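Undergrad: here is my input; please provide its structure:
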Amino acid sequence: MERPRVTAVVTAAAKNGDRSENGDYIYGKRRLREIDRRVRYLSKRLETVTIVDQLPQDQNRVFFGAWVSVEDELGKQARYRLVGSDEIDPGKGYISVDSPVALALLGKGLGDTVELRYRGTARELLIVGINYNPC
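TA: The predicted structure follows:
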């Protein structure tokens, strides 16, 4: 929706003559390049995307799309959803399936403990819940 508006601004600015000092033209062209770059990126992503439209057979294990509740050694709980890299949203608890936490959790089951190492420190997480339905 933004591209047609920016194109109109660039077209109007181009009619004003000298383009070398025309801010609307220069910044409009730059914004068009950014929009086109994003469109190319998304088009390539659509060619390789895989839609996961069914639940795993073993819903007692952690796989892509799972909501996983964990508890650390201090009793602090957290809840994560394993999603693709384009869906990451830390505010909602959505973490990349390629993140260190997700990689440690993948394939594990309820009651399993995973160990995370980060900058020389180790942290254990106990899996206290696995769910594939949003709650």
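Undergrad: report all helices and strands that the stretch of helix or strand residue 126 belongs to contacts.
TA: Taking DSSP states H and E as the definition, residue 126 sits inside strand 121-131. With contacts taken as 3 or more Cβ pairs under 8 Å, 6 or more residues apart in numbering; DSSP states H and E, strand 121-131 sits against strand 67-72, helix 100-105, strand 113-118. Bear in mind the C-beta positions are built from the backbone N, C-alpha and C, glycine included.
Undergrad: next secondary structure after the first one?
TA: For strand 67-72, the following helix or strand on the C-terminal side (DSSP H and E) is strand 77-83.
Undergrad: identify the residues contacting the strand holding residue 126?
TA: Contact with strand 121-131 is made by 59-62, 66-73, 77, 79, 101, 104-105, 108-117, as judged by Cβ atoms under 8 Å, 6 or more residues apart in numbering.
Undergrad: okay, now residue 106: neighbour count?
TA: By other Cβ atoms under 10 Å, 17 other residues sit near residue 106.
Undergrad: give the contact list for the residue lying farthest from the centre of the chain.
TA: Distance from the C-alpha centroid of the chain, by Cα atoms, centre = their mean, peaks at residue 17 (43.5 Å). Neighbour list for residue 17: empty [criterion: Cβ under 8 Å, 6+ apart].
Undergrad: sec struct for it, please.
TA: coil (DSSP: H, G, I helix; E, B strand; the rest coil).
Undergrad: any idea how far it is from residue 25?
TA: Using Cβ to Cβ, to the nearest Å, residue 17 is found at 10 Å from residue 25.
Undergrad: cool, and residue 57?
TA: Residue 57 is 58 Å from residue 25, by Cβ to Cβ.
Undergrad: just the mean pLDDT for the helix ranked longest in the chain, thanks.
TA: In the chain, assigned by DSSP state H, the helix with the most residues is helix 23-48. Averaged across helix 23-48, the pLDDT comes to 91.
Undergrad: just stretch 100-112 next, same as before
TA: pLDDT averaged over stretch 100-112 gives 95.
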